[in-house]
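Student: Fold the following.
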Amino acid sequence: MILVTGATGLVGSHLLYQICRTEDNVRATKRAHSNLDLVKKVFSYYTDETEKLFAKIEWVEADLLNITELEEAFKGVTKVYHCAAWLSFNPKHKRQMIQNNVDSTANIVNLCLSHQVQKLCHVSSVAAIGRAGNSTVINEDTPWFDGPENSNYAISKYNSELEVWRGIEEGLNSVIVNPTIILGPGEWTKGSSVIFHQVWKGMPFYTTGTNGFVDVRDVANVMIQLMESNLNAKRFILCSESIPFKQTFDYIADALGKKKASLKAGPLLNAIGWRIAKVISFFTRKAPMLTKETAQAGNNTSIYENHKIKKALNLEFIPVEQSCKDFSNMYKRDL
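Tutor: Prediction:
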């Protein structure tokens with residue numbers, strides 16, 4: 001039996017689709033208010049047999065902080081894909097997000113050990129890898145340093161990953177993937193999928209930063225290949241290309257037939273923007289559209305190596321431009 005946590009999220013739903021194509025024994029965790037129609041929608045992008053494949057999934061309602069509920073989910077499980085995580089750049093979520101991500105991962109690791117699970121694949125993030133200077137390429141061995149440049153999300157993912165390494169020291173067979181910004185279709189107004197929605201609505205400003213991008217289909221495919229391999233106790237950066245944010249936005253604008261961003265939002269404008277967003281958030285009681293962390297990230301230059309995973313699996317990533325075209329077509333279909 002294969003268990004997938006975070007199965008209703010972007011990575012989890014695409015992973016479920018890939019697994020259901022070849023496996024019959026699949027269990028997935030969900031929360032009480034999870035919308036399973038979103039998972040079906042992801043399936044429908046790639047197949048006409050959505051209901052047939054979806055019927056293979058055994059859904060289990062489980063809070064990852066509740067050991068009793070997780071014990072039930074782990075019965076008969078041989079492989080675990082841990083995709084669940086809380087992502088927020090809202091400062092008021094700092095303590096709860098860090099505790100939630102770290103404690104839930106610790107619970108998954110402990111149950112993998114106690115149930116003698118064959119292998120765990122943990123979805124981490126490049127946020128959990130150290131930051132290098134603007135002229136330095138980041139790889140799996142770039143050291144982590146505590147500092148104000150680390151986002152609260154990064155801290156939560158770094159400490160979550162430490163729980164997996166602790167499990168490996170205790171005998172757990174595990175691999176870790178560290179995706180860059182994940183491009184893919186899902187809930188278009190949340191997560192990284194919101195990029196397509198924002199470009200469609202109109203995005204006149206662009207930031208000057210550079211970052212890594214990867215197709216969600218590649219992420220799911222790599223995870224499955226790693227779980228079927230003999231690789232153990234290793235982490236892998238998943239990045240198709242490290243390119244400027246503007247280039248990615250331009251790819252999407254071209255695919256959607258929208259006007260490209262033409263106004264540069266440098267550090268000063270971003271600094272003003274996140275402060276205004278904070279004031280608006282106070283009065284509207286809604287999460288700010290721009291935070292200090294996201295404003296700073298938009299102007300940072302982060303370049304990631306992908307040699308390790310390409311060599312390990314003889315892999316070629318889907319180009320970012322192709323991902324933008326494919327997912328823009330899916331966005332237009334949903335409209």
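Student: Could you use CA atoms for every contact and neighbour count after this?
Tutor: Fine.
Student: quick one: low-confidence parts of the stretch 101-250 of the chain?
Tutor: Low-confidence segments of the stretch 101-250 of the chain, defined by pLDDT under 70: 132-135.
Student: can you pull out the helices in it?
Tutor: Taking DSSP state H, counting those that start in this stretch to define them, one finds helices in the stretch 101-250 of the chain at 152-169, 194-201, 216-228, 245-256.
Student: Figure out which of these is closest to Ile19.
Tutor: When those are ranked by distance to Ile19, counting by CA to CA, first place goes to helix 216-228 at 7.8 Å.
Student: in that closest one, what counts as buried?
Tutor: Using 16 or more other CA atoms under 10 Å as the burial criterion, the residues of helix 216-228 that qualify are Val216, Arg217, Asp218, Val219, Ala220, Val222, Met223, Ile224, Leu226, Met227.
Student: need the helices of the stretch 101-250 of the chain in CSV with distance to Ser124, can you?
Tutor: Formatted as CSV, the entries for the helices of the stretch 101-250 of the chain read as follows, by distance: least, CA to CA, whole Å:
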stretch, distance to Ser124
helix 152-169, 6
helix 194-201, 20
helix 216-228, 12
helix 245-256, 22
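Student: Looking at these, spot the one closest to Gly9.
Tutor: Ranking the helices of the stretch 101-250 of the chain by their distance to Gly9 (criterion: CA to CA) puts helix 216-228 first, at 11.1 Å.
Student: what's the closest one in contact with?
Tutor: By CA atoms under 8 Å, 6 or more residues apart in numbering, the list of residues contacting helix 216-228 from outside reads 10-11, 14-15, 18-19, 119-121, 175, 177, 179, 182-184, 238, 313, 317-318.
Student: ok, so what distance separates the residue lying closest to Trp59 once chain neighbours are set aside from Met1?
Tutor: When the adjacent residues along the chain are set aside, Trp59 lies closest to Ala28, with 5.0 Å between them (CA to CA, 6 or more residues apart in numbering). Distance of Ala28 to Met1, computed by CA to CA, to the nearest Å: 10 Å.
Student: ok, the two, which is more surrounded?
Tutor: When Ala28 and Met1 are compared on other CA atoms under 10 Å, the one with more neighbours turns out to be Ala28, at 23 against 14.
Student: which residues does that one contact?
Tutor: Leu3, Val4, Thr5, Gly6, Ala7, Ile57, Glu58, Trp59, Val60.
Student: my guess is the fifth one meets Thr29, correct?
Tutor: In this case it means Ala7. Yes: with the criterion set as CA atoms under 8 Å, Ala7 and Thr29 qualify as a contacting pair; they are 6.3 Å apart.
Student: Dump the contacts of Ala28 into CSV; add neighbour count as well.
Tutor: As requested, the contacts of Ala28 are exported to CSV (neighbours: other CA atoms under 10 Å):
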residue, neighbour count
Leu3, 26
Val4, 25
Thr5, 24
Gly6, 20
Ala7, 26
Ile57, 21
Glu58, 14
Trp59, 18
Val60, 18
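Student: And these, which is closest to Glu170?
Tutor: Nearest to Glu170 among the contacts of Ala28, counting by CA to CA, is Leu3 at 20.9 Å.
Student: host element of the closest one?
Tutor: Using DSSP states H and E, the element containing Leu3 is strand 2-5.
Student: can you check Thr47 too?
Tutor: Here Thr47 is assigned to no helix or strand, by DSSP H and E.
Student: which residues touch it?
Tutor: The neighbours of Thr47, taking CA under 8 Å, 6+ apart as the test, come to nothing; the list is empty.
Student: Can you give me the separation between the closest residue to Ala261 other than its chain neighbours and Asp250?
Tutor: Taking CA to CA, 6+ apart as the measure, Ala261 lies nearest to Pro204, with 4.3 Å between them; neighbours along the chain are not counted. Remark: distance between Pro204 and Asp250 (CA to CA) = 11 Å.
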